[in-house]
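Novice: Predicted model, plus sequence, below.
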Amino acid sequence: MNYEEKIQESETRVFKVVFPNITNHHNTMFGGTVMEMMDEVAFMTATRFARKSFVTVSCDRIDFKNPIPADTLVELIGKVKYVGNSSLKVNVQVFVEEMYSESRERAVSGDFTLVAIGIDKKPVKIFEKD
Ligand SMILES: CC(=O)SCCNC(=O)CCNC(=O)[C@H](O)C(C)(C)COP(=O)(O)OP(=O)(O)OC[C@H]1O[C@@H](n2cnc3c(N)ncnc32)[C@H](O)[C@@H]1OP(=O)(O)O
(Lines give C-alpha, C1' and ligand atoms only; values in the text may rest on other atoms or scores of the structure.)
Protein backbone atom coordinates (compact mmCIF):
# COMPACT_ATOMS: atom_id res chain seq x y z
CA MET A 1 0.00 0.00 0.00
CA ASN A 2 1.45 3.40 -0.95
CA TYR A 3 1.39 6.59 1.16
CA GLU A 4 -1.70 8.02 -0.51
CA GLU A 5 -3.62 4.76 -0.02
CA LYS A 6 -2.54 4.62 3.63
CA ILE A 7 -3.76 8.19 4.13
CA GLN A 8 -7.14 7.32 2.61
CA GLU A 9 -7.43 4.04 4.53
CA SER A 10 -6.59 5.68 7.86
CA GLU A 11 -9.06 8.55 7.54
CA THR A 12 -11.01 8.21 10.78
CA ARG A 13 -14.63 9.26 11.37
CA VAL A 14 -16.29 9.27 14.77
CA PHE A 15 -19.81 10.40 15.65
CA LYS A 16 -20.94 11.65 19.07
CA VAL A 17 -24.27 12.82 20.44
CA VAL A 18 -24.20 16.25 22.13
CA PHE A 19 -25.94 15.23 25.35
CA PRO A 20 -26.37 17.69 28.25
CA ASN A 21 -23.35 16.31 30.14
CA ILE A 22 -20.97 17.89 27.58
CA THR A 23 -22.64 21.30 27.18
CA ASN A 24 -21.96 24.61 28.94
CA HIS A 25 -24.04 27.53 30.27
CA HIS A 26 -24.63 28.69 26.64
CA ASN A 27 -26.22 25.29 25.95
CA THR A 28 -23.45 24.57 23.45
CA MET A 29 -20.71 21.97 23.54
CA PHE A 30 -17.85 22.83 25.92
CA GLY A 31 -14.77 23.80 23.88
CA GLY A 32 -12.35 21.78 26.00
CA THR A 33 -14.43 18.66 25.41
CA VAL A 34 -14.30 19.25 21.64
CA MET A 35 -10.50 19.56 21.86
CA GLU A 36 -10.25 16.34 23.86
CA MET A 37 -12.31 14.48 21.26
CA MET A 38 -10.19 15.99 18.45
CA ASP A 39 -6.98 14.85 20.15
CA GLU A 40 -8.40 11.33 20.51
CA VAL A 41 -9.41 11.20 16.83
CA ALA A 42 -5.95 12.51 15.82
CA PHE A 43 -4.42 9.72 17.93
CA MET A 44 -6.66 7.07 16.32
CA THR A 45 -5.84 8.38 12.84
CA ALA A 46 -2.08 8.34 13.46
CA THR A 47 -2.24 4.86 14.98
CA ARG A 48 -4.31 3.47 12.10
CA PHE A 49 -1.93 5.12 9.59
CA ALA A 50 1.34 3.74 10.96
CA ARG A 51 0.37 1.07 13.56
CA LYS A 52 2.97 2.58 15.90
CA SER A 53 2.69 3.98 19.45
CA PHE A 54 2.02 7.75 19.29
CA VAL A 55 1.99 10.68 21.69
CA THR A 56 0.62 14.14 20.96
CA VAL A 57 3.43 16.72 20.95
CA SER A 58 1.56 19.87 19.82
CA CYS A 59 -1.55 21.26 18.22
CA ASP A 60 -1.78 24.21 15.88
CA ARG A 61 -4.47 26.87 15.94
CA ILE A 62 -7.92 25.48 16.62
CA ASP A 63 -10.74 27.46 15.02
CA PHE A 64 -14.17 27.35 16.63
CA LYS A 65 -16.06 28.72 13.62
CA ASN A 66 -19.57 27.77 14.67
CA PRO A 67 -21.06 26.73 18.02
CA ILE A 68 -22.19 23.15 18.54
CA PRO A 69 -25.67 23.31 20.11
CA ALA A 70 -27.05 20.72 22.53
CA ASP A 71 -29.21 17.97 21.01
CA THR A 72 -27.15 17.68 17.83
CA LEU A 73 -24.74 15.12 16.40
CA VAL A 74 -21.08 15.82 15.78
CA GLU A 75 -18.83 14.03 13.33
CA LEU A 76 -15.06 14.25 13.79
CA ILE A 77 -12.89 13.43 10.77
CA GLY A 78 -9.16 12.87 11.12
CA LYS A 79 -6.83 12.74 8.13
CA VAL A 80 -3.03 12.61 7.92
CA LYS A 81 -1.77 15.73 6.14
CA TYR A 82 2.01 15.55 6.63
CA VAL A 83 4.45 12.74 7.41
CA GLY A 84 7.90 13.54 8.76
CA ASN A 85 10.60 11.31 10.18
CA SER A 86 9.14 10.40 13.57
CA SER A 87 6.28 12.92 13.56
CA LEU A 88 3.13 13.38 11.54
CA LYS A 89 0.39 15.97 11.37
CA VAL A 90 -3.30 15.08 11.45
CA ASN A 91 -5.99 17.54 10.41
CA VAL A 92 -9.22 17.14 12.39
CA GLN A 93 -12.50 18.65 11.23
CA VAL A 94 -15.65 18.68 13.33
CA PHE A 95 -19.06 18.89 11.68
CA VAL A 96 -22.34 19.52 13.46
CA GLU A 97 -25.57 17.93 12.22
CA GLU A 98 -29.16 18.54 13.22
CA MET A 99 -30.74 15.33 14.49
CA TYR A 100 -34.08 15.76 12.74
CA SER A 101 -33.10 17.53 9.49
CA GLU A 102 -30.33 17.24 6.89
CA SER A 103 -28.62 20.43 8.13
CA ARG A 104 -24.84 20.02 8.47
CA GLU A 105 -21.98 22.52 8.76
CA ARG A 106 -18.35 22.60 9.80
CA ALA A 107 -17.93 23.86 13.35
CA VAL A 108 -14.31 23.35 14.43
CA SER A 109 -10.98 22.47 12.80
CA GLY A 110 -7.34 22.12 13.80
CA ASP A 111 -4.09 20.24 13.24
CA PHE A 112 -2.40 17.93 15.73
CA THR A 113 1.24 16.75 15.61
CA LEU A 114 1.99 13.32 17.01
CA VAL A 115 5.31 11.54 17.45
CA ALA A 116 5.89 7.80 17.17
CA ILE A 117 7.79 6.49 20.20
CA GLY A 118 9.49 3.23 21.11
CA ILE A 119 9.35 1.30 24.39
CA ASP A 120 12.03 3.65 25.77
CA LYS A 121 9.59 6.56 25.07
CA LYS A 122 12.06 8.07 22.56
CA PRO A 123 11.03 9.04 19.00
CA VAL A 124 11.25 6.31 16.36
CA LYS A 125 10.94 6.49 12.59
CA ILE A 126 7.39 6.16 11.34
CA PHE A 127 8.48 4.10 8.34
CA GLU A 128 11.81 2.55 7.52
CA LYS A 129 13.12 3.64 4.12
CA ASP A 130 12.61 1.05 1.35
C1 LIG B 1 -2.01 10.12 23.26
C2 LIG B 1 -1.68 10.95 24.48
O3 LIG B 1 -2.50 11.25 25.27
S4 LIG B 1 -0.05 11.44 24.65
C5 LIG B 1 0.01 12.44 26.13
C6 LIG B 1 0.46 13.83 25.84
N7 LIG B 1 1.77 13.87 25.20
C8 LIG B 1 2.92 13.62 25.86
O9 LIG B 1 2.95 13.30 27.04
C10 LIG B 1 4.19 13.77 25.05
C11 LIG B 1 5.30 14.37 25.92
N12 LIG B 1 6.47 14.70 25.07
C13 LIG B 1 7.45 13.80 24.85
O14 LIG B 1 7.46 12.68 25.39
C15 LIG B 1 8.58 14.22 23.93
O16 LIG B 1 8.53 15.63 23.72
C17 LIG B 1 8.49 13.52 22.54
C18 LIG B 1 8.80 12.03 22.70
C19 LIG B 1 7.11 13.66 21.92
C20 LIG B 1 9.49 14.14 21.57
O21 LIG B 1 10.75 14.04 22.14
P22 LIG B 1 11.93 15.03 21.66
O23 LIG B 1 13.18 14.58 22.31
O24 LIG B 1 11.48 16.44 21.85
O25 LIG B 1 11.97 14.70 20.13
P26 LIG B 1 12.80 15.38 18.97
O27 LIG B 1 13.30 16.74 19.31
O28 LIG B 1 13.83 14.34 18.54
O29 LIG B 1 11.69 15.53 17.83
C30 LIG B 1 11.03 14.37 17.33
C31 LIG B 1 10.04 14.83 16.30
O32 LIG B 1 9.00 15.58 16.94
C33 LIG B 1 8.90 16.86 16.33
N34 LIG B 1 8.52 17.81 17.39
C35 LIG B 1 9.10 17.92 18.60
N36 LIG B 1 8.49 18.89 19.31
C37 LIG B 1 7.51 19.39 18.50
C38 LIG B 1 6.53 20.41 18.65
N39 LIG B 1 6.41 21.12 19.77
N40 LIG B 1 5.69 20.65 17.63
C41 LIG B 1 5.77 19.94 16.48
N42 LIG B 1 6.68 18.95 16.28
C43 LIG B 1 7.54 18.70 17.28
C44 LIG B 1 10.26 17.14 15.72
O45 LIG B 1 10.17 18.10 14.68
C46 LIG B 1 10.63 15.76 15.23
O47 LIG B 1 9.93 15.49 14.02
P48 LIG B 1 10.57 14.55 12.86
O49 LIG B 1 11.19 13.35 13.52
O50 LIG B 1 9.39 14.15 12.01
O51 LIG B 1 11.56 15.37 12.12
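Specialist: In hand now; what should we look at? None of these values were measured; they are calculated from a predicted model.
Novice: C-alpha only now, for contacts and for neighbours.
Specialist: OK.
Novice: For residue 36, what are phi and psi?
Specialist: Note on residue 36: backbone dihedrals following degrees, to the nearest 10 are phi -60, psi -40.
Novice: Also residue 19?
Specialist: Dihedral angles for residue 19 - degrees, to the nearest 10 - are phi -80, psi 160.
Novice: who touches it in this structure?
Specialist: 70, 71 (C-alpha atoms under 8 Å, 6 or more residues apart in numbering).
Novice: What pLDDT is listed against it?
Specialist: Note for residue 19: predicted pLDDT of 97.
Novice: How much space separates it from residue 111?
Specialist: Here residue 19 is placed at a distance of 25 Å from residue 111 (C-alpha to C-alpha, to the nearest Å).
Novice: likewise residue 53?
Specialist: Residue 53 is 19 Å from residue 111, by C-alpha to C-alpha.
Novice: more neighbours, those two?
Specialist: Shown here are residue 53 and residue 111; by other C-alpha atoms under 10 Å, residue 111 has more neighbours (23 against 18).
Novice: Could you find the closest non-adjacent residue to residue 99?
Specialist: residue 72 (5.4 Å; C-alpha to C-alpha, 6 or more residues apart in numbering).
Novice: Equivalent analysis for residue 28, please.
Specialist: residue 69 (4.2 Å).
Novice: which residues does the one you found contact?
Specialist: Residue 69 is in contact with 18, 23, 27, 28, 29, counting by C-alpha under 8 Å, 6+ apart.
Novice: swap the cut-off to 7 Å and go again
Specialist: 27, 28, 29 (C-alpha atoms under 7 Å, 6 or more residues apart in numbering).
Novice: And it, what's its pLDDT?
Specialist: So residue 69 comes in at 97 (pLDDT).
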